[in-house]
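Participant: how would this look folded up:
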Amino acid sequence: MLEALNAAARDFFRPRMLGLVLWPLLGSLLLWGGLLYYFWHSLAQWLQHLAAVWYLPRWVGEAVLRWLSQFGLALAALLMVPALVHGTALLITAIVAMPVMVREVTRRDYPQLEARHGGSFAGATWNALASTFAYLLLWLLTLPLWLLGFPAAVLPVLLNGWLNDRLFRYDALSGHASREEYRLLSRRAGGRFFLLGCIAAAIQLVPLLNLITPVYSGLSFIHFACTELARLRLAPAAAPVRPRRI
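Facilitator: This next block holds a predicted model:
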């Protein structure tokens, strides 16, 4: 796992990978920032209308109700937008950038690894969309736990680690592992894949570093998955295959 993280750091600074770094996150920021800007007034009015149904204007007054609606909307945005931006950036990376990254890494570092195409682009797209939706739903359901202190420090790592695992494991293996190999690797190394996702999630919490983590996380999963797949195909007594450096 450490070897995969080191190999990802090495590959990250190659020109092709640097070209993939910023646009998933910037695209996600532009998307959600634009939607929030466009729908902010409508959402605030909807909250005021919802409160009016419960006769709150009679108790607190129109001005206070308007302020509460704006404050509630700002609080909801503060809690949800980071998860939306992060999840969308990973989704863009998984669907668009990962195929490019897999081709580059396997061509250069794992040329001996036979491609058995157990997955497909349609499967990768479905996996990415379903995983991102489940991640956002889990984030929403666990928001009350953030008030308990310790869970607020652990939950982002666990949730983001789970999403990293679900997104990048499939993408890293779908082109080279058969379906049976994918299932076997998931059973044998599933815990280590999840741990790798959590390590990437911890890095994603560091300011500025979170700008580069979607691509770095994808690279680390590619190296780890290819190494594990190569080991699976070797005889049990054979030495582990290491990436070929150039």
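Participant: and Glu114, which of the three is it?
Facilitator: The three-state label given to Glu114 by DSSP: H, G, I helix; E, B strand; the rest coil is coil.
Participant: can you give me the helices for the protein?
Facilitator: Along the chain, counting by DSSP state H, helices occupy 2-12, 15-18, 22-53, 56-60, 62-92, 98-109, 121-141, 150-173, 179-204, 213-233.
Participant: pLDDT score for Val64?
Facilitator: Here, the pLDDT recorded for Val64 equals 63.
Participant: number of nearby residues for Ala189?
Facilitator: Close neighbours of Ala189, defined as other CB atoms under 10 Å, add up to 21. The C-beta positions use only the backbone N, C-alpha and C, and glycine is treated the same way.
Participant: can you pull the contacts of the closest residue to it other than its chain neighbours?
Facilitator: Once flanking residues are discounted, Ala189 sits nearest to Glu228: 5.2 Å by CB to CB, 6 or more residues apart in numbering. Listed by CB atoms under 8 Å, 6 or more residues apart in numbering, the contact partners of Glu228 are Leu185, Arg188, Ala189, Arg192.
Participant: Tabulate the helices of the chain in JSON lines, adding columns for distance to Ala115.
Facilitator: Listed next are these as JSON lines, based on distance: least, CB to CB, whole Å:
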{"stretch": "helix 2-12", "distance to Ala115": "19"}
{"stretch": "helix 15-18", "distance to Ala115": "20"}
{"stretch": "helix 22-53", "distance to Ala115": "25"}
{"stretch": "helix 56-60", "distance to Ala115": "61"}
{"stretch": "helix 62-92", "distance to Ala115": "24"}
{"stretch": "helix 98-109", "distance to Ala115": "8"}
{"stretch": "helix 121-141", "distance to Ala115": "14"}
{"stretch": "helix 150-173", "distance to Ala115": "11"}
{"stretch": "helix 179-204", "distance to Ala115": "12"}
{"stretch": "helix 213-233", "distance to Ala115": "11"}
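Participant: Would you point to the one among the ones you listed that's packed deepest?
Facilitator: Among the helices of the chain, ranked by average contacts under mean count of other CB atoms under 10 Å, first place goes to helix 213-233 (a mean of 24).
Participant: And the lowest mean pLDDT element among the helices and strands of the chain?
Facilitator: helix 56-60 (a mean of 55; mean pLDDT, DSSP states H and E).
Participant: hang on, the earlier thing: hey, least reliable of the helices of the chain by pLDDT?
Facilitator: Among these, helix 56-60 carries the lowest mean pLDDT (a mean of 55).
Participant: Centre-most residue in this protein?
Facilitator: Taking CA atoms, centre = their mean as the criterion, Leu90 is the residue nearest the geometric centre of the chain, at 3.9 Å.
Participant: what residues are up against it?
Facilitator: Counted by CB under 8 Å, 6+ apart, Leu90 has contacts Pro24, Thr132, Leu163, Asn164, Leu167, Pro214, Ser217.
Participant: how much space between it and Ser178?
Facilitator: Noted for Leu90: a distance of 26 Å to Ser178, by CB to CB, to the nearest Å.
Participant: Please export the alpha-carbon coordinates of stretch 218-236; CSV is fine.
Facilitator: C-alpha atoms of stretch 218-236 as CSV (Å, rounded to 0.1, in the frame of the first residue of the first chain):
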residue,chain,number,x,y,z
GLY,A,218,-7.0,7.5,-8.5
LEU,A,219,-3.3,6.9,-9.2
SER,A,220,-2.8,5.2,-5.9
PHE,A,221,-5.7,2.8,-6.5
ILE,A,222,-4.4,2.0,-10.0
HIS,A,223,-1.0,1.0,-8.7
PHE,A,224,-2.4,-0.9,-5.7
ALA,A,225,-4.9,-2.7,-7.8
CYS,A,226,-2.5,-3.7,-10.6
THR,A,227,0.1,-4.9,-8.1
GLU,A,228,-2.6,-7.0,-6.3
LEU,A,229,-3.9,-8.4,-9.6
ALA,A,230,-0.4,-9.3,-10.7
ARG,A,231,0.2,-11.1,-7.4
LEU,A,232,-3.1,-13.0,-7.8
ARG,A,233,-2.0,-14.3,-11.2
LEU,A,234,1.4,-15.5,-9.9
ALA,A,235,2.1,-18.8,-8.2
PRO,A,236,1.8,-18.4,-4.4
